[in-house]
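Chemist: only geometry, no sequence info:
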Ligand SMILES: Nc1ncnc2c1ncn2[C@@H]1O[C@H](COP(=O)(O)OP(=O)(O)OP(=O)(O)O)[C@@H](O)[C@H]1O
Ligand SMILES: O=P(O)(O)OC[C@H]1O[C@H](OP(=O)(O)OP(=O)(O)O)[C@H](O)[C@@H]1O
């Protein structure tokens, strides 16, 4: 009889990782080694269930999953939309809730209303392009930034930004506001299409257990 292969998980580093591991713990899947903040180890194994976990930069998670280097990934919907990889999105995990929004000074509202050719700064150029060109049919100039995107309008690099809003405090502290909502976001589970077939039973059981756990919590 062939030995069961490891099911590999790629988890986005940062805000979502802790919640993801908590959720796995609630359904009995533990990986204590991963909690050690000082470790330089990259891959963690749960021998009992034949699982492997690794943390990766969020935008790389859909890449690992598309190529099958990971069977399953957990990442924000923003990253899924931006990276547009060939993966199945199987579950909304319900945490990491926030919104993708067009933000700027109140005065930029007029520029949006009149479909002016504005400058849009964003860490998410593909989401910004999809929204302005395909949804709003508005020609804009998109400027890619890698963080602290709110600086864009403050230093006049851009008229508006497309960025994540959670509590709204970053906007408020910088005299900016939400002008339009692009879409709601939360953490999602994604699966490699081949793994979905080859490991159908294990993945179905896992997704079922998580879904039940999420129901209990809500
Ligand atoms: N306030 C928030 N700001 C950013 N992301 C948020 C927020 N709230 C929830 N999220 C979700 O958490 C995910 C991870 O965000 P986080 O900033 O921790 O990691 P990241 O995208 O890898 O960023 P970086 O590498 O720049 O730190 C986001 O992709 C998003 O789906
Ligand atoms: O509505 P809020 O609760 O204020 O959260 C939104 C802020 O958090 C994120 O930035 P992050 O902290 O990830 O840093 P970054 O700007 O370097 O990406 C996001 O890009 C906003 O700036």
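Modeler: Received the coordinates, thanks. Computed from a predicted model, the values in this text were never measured in an experiment. Ligands and ions are numbered 1, 2, ... in the order given.
Chemist: Without its sequence neighbours, what residue ends up closest to residue 152?
Modeler: Leaving out its chain neighbours, the residue that sits closest to residue 152 by C-beta to C-beta, 6 or more residues apart in numbering is residue 121, at 3.3 Å. (C-beta placed from N, C-alpha, C; glycine too.)
Chemist: Who does the one you found form a beta bridge with?
Modeler: Beta-bridge partners for residue 121, by DSSP bridges, are residue 143, residue 161.
Chemist: Mind listing what's buried along the lengthiest helix in the chain?
Modeler: Assignment by DSSP state H gives helix 200-217 as the longest helix of the chain. Along helix 200-217, these residues count as buried under the neighbour rule (16 or more other C-beta atoms under 10 Å): 202, 203, 206, 209, 210, 213, 214.
Chemist: Out of those, which comes closest to residue 160?
Modeler: Nearest to residue 160 among these is residue 214, at 34.8 Å by C-beta to C-beta.
Chemist: Centroid-nearest residue for the chain?
Modeler: residue 76 (1.6 Å; C-alpha atoms, centre = their mean).
Chemist: can I assume that residue is in contact with residue 183?
Modeler: No. Taking contacts as C-beta atoms under 8 Å, residue 76 lies outside contact range of residue 183: 11.5 Å.
Chemist: Name the residues contacting each of these two.
Modeler: Counting by C-beta atoms under 8 Å, 6 or more residues apart in numbering, no residue touches both residue 76 and residue 183.
Chemist: Return the member of the buried residues of helix 200-217 nearest to residue 113.
Modeler: residue 214 (39.6 Å).
Chemist: which residue sits closest to the closest one, ignoring its sequence neighbours?
Modeler: In space, and not counting its chain neighbours, residue 214 is closest to residue 94: 5.7 Å by C-beta to C-beta, 6+ apart.
Chemist: Could you report the neighbour count for that neighbour?
Modeler: A total of 14 residues lie near residue 94 under the criterion other C-beta atoms under 10 Å.
Chemist: That one contacts residue 185, correct?
Modeler: No. Taking contacts as C-beta under 8 Å, residue 94 lies outside contact range of residue 185: 11.5 Å.
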